[in-house]
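> the sequence and its predicted three-dimensional model are supplied below.
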Amino acid sequence: MAVDLAFPLALRAVLAREIVAGRNWKNLPVLALALGLILANALYHIDAAQGGYPAGGVGLRLGPAVAVMLISLIGGRIVPSFTRNWLAQRRHLARPMPFGRVESVVLALTLVALGVWVIWPGHGATSLLCGLAGVAQFWRLSRWSGRHTGAEALVWVLHAGYAFVPLGFFAVAAGLCVPGLGPAAQHVWMAGAVGLMTLAVMTRASLGHAGRPLHATSPITALYVALIVAVLARFAARGFPEQTWLLHLAAGAWIAAFAGFAVIYWPILARPKTAPRRPTRG
């Protein structure tokens, strides 16, 4: 347990140093959420050491809850920001709505729903709160002009990744009513929201740092599609346990997405940064 917890503790220390050095106090909530991940990991180990059932314990719910809250905070900044920049470059009239007081209410509702789910996963109020949080998060996502980004996969994938946050809330709410669906609901958050948002940010940031154009080629777009297929297949496999091919599809698509990232981006990241082109003089 000590070895396993050493990494998140070190990560939190590095984050704290960067926030203090840059006086970026608005990122202090990230430190609190990082502490939540450490606590979740410790609770899992303690539950296992005491002979409990850690796969159904508080720790394994607290971890996804923290991850979803992180995506709600950080994704709530980068998704509308990158969308606004892309639309502005194309002189599109649509723009994402700015962060407002109502969005603060959405984040507060999200936090409460996640907290209740962690502590009382089988309570009727949990299903209601998760359903409300799902509606609120979908409303939030609808304000970011995602419907105008279909021409660029590097942008629409951010909206698709964030969409798994409200979909996960709906899946959790349904899982409390449909026996056996609960564990699969967490895959919507972890494989969908966390997995796809991670892949989306990696593919975009890697192109930017390498000096490449911020455009998703067909192979990069195929990575996004493969990961979405993996999430949907894994969720469907819980509803149709006799269809074992769904599990193989989910696993194969997941491996294809991240192995494909390694293959496509290895030459991009291994080579020197591409210098920006200077305009030629006529």
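It's in. Numbers count the residues shown, from 1 in each chain.

> any low-confidence regions in this protein?
Low-confidence regions of the chain, defined by pLDDT under 70, span residues 179-180, 182, 275-282.

> how's it carved up into domains?
If you go by automatic domain parsing, the domain ranges for the chain are 1-56, 57-270.

> so Leu158 sits against Met202, correct?
No: Leu158 lies out of contact with Met202 (C-beta atoms under 8 Å); the separation is 12.0 Å. Just so you know, the C-beta spots here come from the backbone N, C-alpha and C atoms, and that holds for glycine as well.

> ranges for the helices of the stretch 151-282 of the chain?
153-175, 182-187, 197-209, 218-239, 245-270 (DSSP state H, counting those that start in this stretch).

> how many degrees apart are the last one and helix 218-239 in direction?
Comparing the axes of helix 245-270 and helix 218-239 via axes from the mean of the first three to the mean of the last three C-alpha atoms, to 10 degrees yields an angle of 150 degrees.

> what sits against the residue nearest to Ser145 when sequence neighbours are not counted?
In space, and not counting its chain neighbours, Ser145 is closest to Ala94: 4.5 Å by C-beta to C-beta, 6 or more residues apart in numbering. By C-beta atoms under 8 Å, 6 or more residues apart in numbering, the contact list for Ala94 reads 87, 145, 148.

> helix, strand or coil for Ala94?
Assigned by DSSP: H, G, I helix; E, B strand; the rest coil, the conformation of Ala94 is coil.

> distance check, it against Glu152.
According to C-beta to C-beta, to the nearest Å, Ala94 stands 14 Å off from Glu152.

> hang on, the earlier thing: please identify the deepest-packed of the helices of the stretch 151-282 of the chain.
Highest mean neighbour count of these: helix 153-175, a mean of 24 (counted as mean count of other C-beta atoms under 10 Å).

> so how far is that helix off the chain centroid?
With C-alpha atoms, centre = their mean, to the nearest Å as the basis, helix 153-175 stands 8 Å off its chain's centre.

> got the angle for it vs helix 218-239?
When the same axes, to 10 degrees is applied, the directions of helix 153-175 and helix 218-239 differ by 10 degrees.

> mind starting the numbering at 43 from now?
Taking 43 as the first residue, the last one we looked at is helix 195-217.

> need the CA coordinates for helix 195-217. CSV is fine.
Provided in CSV are the C-alpha atoms of helix 195-217 (Å, rounded to 0.1, in the frame of the first residue of the first chain):
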residue,chain,number,x,y,z
ALA,A,195,-12.7,15.4,-34.9
LEU,A,196,-10.0,17.0,-32.7
VAL,A,197,-12.8,19.2,-31.3
TRP,A,198,-15.9,17.1,-31.4
VAL,A,199,-14.2,14.3,-29.6
LEU,A,200,-13.9,16.6,-26.6
HIS,A,201,-17.7,17.0,-26.6
ALA,A,202,-18.2,13.3,-27.1
GLY,A,203,-15.8,12.5,-24.1
TYR,A,204,-17.6,15.0,-21.9
ALA,A,205,-21.0,13.5,-22.9
PHE,A,206,-20.1,10.4,-21.1
VAL,A,207,-20.3,12.3,-17.8
PRO,A,208,-24.1,12.8,-18.0
LEU,A,209,-24.5,9.4,-19.7
GLY,A,210,-22.7,7.9,-16.7
PHE,A,211,-25.1,9.6,-14.3
PHE,A,212,-28.0,8.2,-16.2
ALA,A,213,-26.4,4.7,-16.3
VAL,A,214,-25.8,4.8,-12.5
ALA,A,215,-29.4,5.9,-11.9
ALA,A,216,-30.7,3.1,-14.1
GLY,A,217,-28.4,0.6,-12.4
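
> quick one, it and helix 239-251 angle?
Angle of helix 195-217 versus helix 239-251, following the same axes, to 10 degrees, is 170 degrees.

> show me what helix 195-217 is packed against.
Judged by 3 or more C-beta pairs under 8 Å, 6 or more residues apart in numbering; DSSP states H and E, helix 195-217 is in contact with helix 118-131, helix 166-184, helix 224-229, helix 239-251, helix 260-281.

> between the ones you listed, which one is closest to Val108.
Counting by C-beta to C-beta, Val108 lies closest to helix 224-229 out of the helices and strands packed on helix 195-217; the figure is 12.9 Å.

> who touches the closest one?
By C-beta under 8 Å, 6+ apart, the residues outside helix 224-229 that reach it are 106, 163, 210, 213-214, 216-218, 273, 276-277, 279-281.

> over to stretch 155-164?
Residues outside stretch 155-164 that contact it (C-beta under 8 Å, 6+ apart): 100, 103-104, 107, 110-111, 165, 167-168, 171-172, 174-175, 211, 214, 218, 224.
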